[in-house]
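Peer 1: Show me how the following folds:
(chains A and B)
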Amino acid sequence: MRKCFKLLFVIGLSFALLGIATFAESIKLTVTSRAVRGGVNTLLVQWLEDVVFPAFENWMKEQGKDVVVEFIEFGGTDEALKEQYALDLKVGRGADILGFDGFWIPEFDAAGLVKPLDEIVGPSIWEWEGWKHIPPSMREILGYQGKVYGLPLGTDVRVIFYRRDIFEKAGIIPAGSGLRWQPRSWEELLDTARYLKESLPGVIPLQINAGTQMGEATTMQGWFMVLLGTGIHMYDFYSGKWYAKHPGILEALNFYKTVYIDEKLGDARTQLIPGARARTFELFRDGKIAMLVEGDWFWRSVLAPGSEWGLPNRNEVVDWAMMPAEEPGAGYRGQNFVTISGGTGFILNPNTKHPAEAWALMGFAFSREMQLEFQKLQPRIRARDDVPVIGDPVMSEMAKALLRLTTVRPMLPGYPKISYEAQLMTERVVAGLMTPEEAMEAYAEALKEIVGEESLIIVE
Amino acid sequence: MPRATGFFFLAPAFFFIGLFLLFPFIWVFIISFTNVALTGPTALNPAFVGLENYVRLFDFSRWMRSGEFGNALRNTLYFVLGSAVLGQAPLGLAIALAFHRRRGPLRELVFSLATMAWILPDVAVAFAWIAFLDYDFGTLNTVLINLGLGKIDWYFQHPLVAITIFNVWRGTAFSMLLFSAALGSIPPSFWETAEVAGASSWQRFKDVILPLILPHILTDLILITLWTFNTFTPYLITGGGPFFRSETVSMYTYRVAFKFLEFGRGAAVAVVMMAINFVLATGYLLSLRRRRAYG
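Peer 2: As a prediction, this is how the structure comes out:
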């Protein structure tokens, strides 16, 4: 009997100790994003782990709170991360703060997987000083139906990046002249590519993203950039309908056909193999691709000296030009040049056990001071209007030239599926599986299934 | 012992089989008639859609298009025929025959290497094969270039051939071990009699070995067909691409269920896959029963 008491005593004591230990344990917050130190988005990891987290932990300590923040690296593709989030959130798990792409919000919200900030933390979030410096257009990046789900790291624009060294070698730009190249129409762009193909064999003149391997990079950097040049968008914001069949779609597909099939100005294989995007970055870095349509992320993160595909002499050998419309004035809204913007940022996980602390961390990371720290590492267009682009004239210039011409993707739950169909449509053309007409037909068929015939615009 | 006691002892087994096998099966079957998804509006308000998922799967007007179910089914058929029926089984039999009634370091080496290929972890193996067949830096192409033969773009031009060769390499060990054991069970007196009678090696194979190991060949074929049909490892190598030319049915299921996060449609594919597996397994069980009747 005594033995039994002894045992009970020991068990009781251990529970008591465990209880104290749990009580005294610090609050642990986790943050995740597609970023790896020394790999993809390395600057984000450096900013968070080396600057934001230590400062935040100190700040919390001053308030008598013991908070530890940990960053969880994710090295896969954006698509794989989205898959991971959907599965994590469905079972009520995942990191407290999630690096999120704005266009996933509607789809996740419709499924009840993500929630607006004030629903998670409470109305107190509106007391944060940063709101008056984040204009509505920036709030919409991680927003949906007037609600705000997170804070964006900034927005971006898309352009044609070209290698000055290759252009000078081919004699398109006189060496050392400082002159810049800027095509005014598709024909001028194609002519440059033709000339490069002839004069420099072994160099791929032009890569414009196509195919499902590239995922959303195909839709944003490829399909939209071509389609907007024909005068239409994927979606008509006034009628709320999707373009399913339209001469513009055919013209855009024929542009792809010219580049990849008829004249082989681009290399279709590079678009279609697994790991296509990384391969493209590698080829551009090595001077094997002369022109590449990409977002400014490519400039400030991928090619940034010290990054995975970094070019130490980036500022000398890489330059950019605006993407021309098919003909001057024939682009979206009658523009001469086209571009499109998206944005990523951080949202709060609705399942977080420490909503107040997690929000405090977000507000802290998006304070002017911390955002300026990030600007030192990676200058770009930030969400706060009191954080200018500093130290990178190229980024400032891109922002100035293109933000007034830009458009966005429709924030609708059905968009990701339709985006995939657009990728598939370009794939079928550049792989030579279908003619542009057949591919458009199949696209329209798929759209009908996704949103219904009444939501389609069909112009034969 | 009364019958009830027997059931009592079987109850735990039935319970676990029910919980982990029967329940998921029934569940998958049920949601295959819904539009349940992980994201989007149907995640919160799923509805029964009747046979829609199945009709969509067997929409013959487009089912051979890249990325559609028919395309995946055809690829699977080629893959299974090439790698299991024409690859692993004959190769396994050949190795087993070559080393039958022989001992020595060569036999040990060949058996060890084949078995190693079979037991290594998927991811490590996939990575090695990506490196082996890579167009620009692959070992095989380096060898081919040095031999003056020119390089082959395996994963882009011949993705289905590439994963077929991979799977032969990967799985031959099973057939080899099975046939080796089967050959070992043939009484030595049969060989000696055949030798005394002056039978050529072909006659010995045709009249002594083949009839005796025929049931084993059947077992082997059905088992490896089932495994090859369900295998997912090639996805780690080609991802089903380029443009779905190496997408098999198991990859298609994964894509629909976990990339598009459409569980309803994914479940419908899984049910069709289960039906095909069921037919194969039934064939296996029937052949076993017949063998027992004769043997």
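Peer 1: Please count neighbours and contacts with C-alpha atoms only from this point.
Peer 2: Noted.
Peer 1: which residues are in contact with the helix or strand where A:A401 lies?
Peer 2: Per DSSP states H and E: A:A401 is located in helix A:393-402. Helix A:393-402 is contacted by residues A:D156, A:V157, A:D296, A:R300, A:T339, A:P379, A:R380, A:I381, A:V389, A:I390 when judged by Cα atoms under 8 Å, 6 or more residues apart in numbering or on different chains.
Peer 1: Next: stretch B:61-79.
Peer 2: Stretch B:61-79 is contacted from outside by A:428, B:57-58, B:160, B:163-164, B:228-229, B:243-249, B:252, using Cα under 8 Å, 6+ apart.
Peer 1: what about it, distance to the chain center?
Peer 2: Relative to its chain's centre, stretch B:61-79 lies at 17 Å (Cα atoms, centre = their mean, to the nearest Å).
Peer 1: Run through the chain and note the low-pLDDT ranges.
Peer 2: Chain wasn't specified; assuming chain A. Along chain A, the model assigns pLDDT under 70 to residues A:1-25.
Peer 1: other chain: chain B
Peer 2: In chain B (pLDDT under 70), the answer is B:1, B:291-295.
Peer 1: and the residue nearest the centre of it, which of the three is it?
Peer 2: Centroid-nearest residue in chain B: B:T228, 1.0 Å away (criterion: Cα atoms, centre = their mean). Three-state assignment for B:T228 (DSSP: H, G, I helix; E, B strand; the rest coil): helix.
Peer 1: ok, so what distance separates it from B:S246?
Peer 2: According to Cα to Cα, to the nearest Å, B:T228 and B:S246 sit 14 Å apart.
Peer 1: now do A:V52
Peer 2: 45 Å.
Peer 1: what's the distance between the longest helix seen in chain B and the middle of its chain?
Peer 2: Secondary structure of chain B read by DSSP state H shows that its longest helix is helix B:263-294. Distance of helix B:263-294 from the chain centroid (Cα atoms, centre = their mean) equals 13 Å.
Peer 1: thinking again about what came up before, CA atoms only: put the helix holding A:A401 into CSV for me.
Peer 2: The C-alpha coordinates for helix A:393-402 follow below in CSV (Å, rounded to 0.1, in the frame of the first residue of the first chain):
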residue,chain,number,x,y,z
PRO,A,393,17.6,53.1,-59.9
VAL,A,394,16.6,50.2,-62.1
MET,A,395,13.8,49.2,-59.7
SER,A,396,12.6,52.8,-59.3
GLU,A,397,12.6,53.3,-63.1
MET,A,398,10.6,50.2,-63.7
ALA,A,399,8.1,51.2,-61.1
LYS,A,400,7.8,54.7,-62.5
ALA,A,401,7.4,53.5,-66.1
LEU,A,402,5.0,50.7,-65.5
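Peer 1: who's in contact with the closest residue to chain A within the stretch 101-250 of chain B?
Peer 2: Nearest residue of the stretch 101-250 of chain B to chain A, counting by Cα to the nearest Cα: B:P242, 5.6 Å away. The neighbours of B:P242, taking Cα under 8 Å, 6+ apart as the test, are A:L272, A:I273, A:P274, B:Y155, B:F156, B:P159.
Peer 1: From those, which land in helices?
Peer 2: Per DSSP H, the subset of those in helices is A:L272, B:Y155, B:F156, B:P159.
Peer 1: Buried members of those into ChimeraX, please.
Peer 2: Those of the ones in helices among the contacts of B:P242 that count as buried under 16 or more other Cα atoms under 10 Å in any protein chain shown are selected in ChimeraX with:
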select /A:272 /B:155,156,159
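Peer 1: Close to chain A: what parts of the stretch 1-150 of chain B are there?
Peer 2: B:L38, B:T39, B:G40, B:P41, B:T42, B:A43, B:L44, B:S66 (Cα under 8 Å from any Cα of the partner chain).
Peer 1: Now the fifth one: closest residue in space that isn't a chain neighbour?
Peer 2: Closest residue to B:T42 apart from its sequence neighbours, by Cα to Cα, 6 or more residues apart in numbering or on different chains: B:V36 at 5.8 Å.
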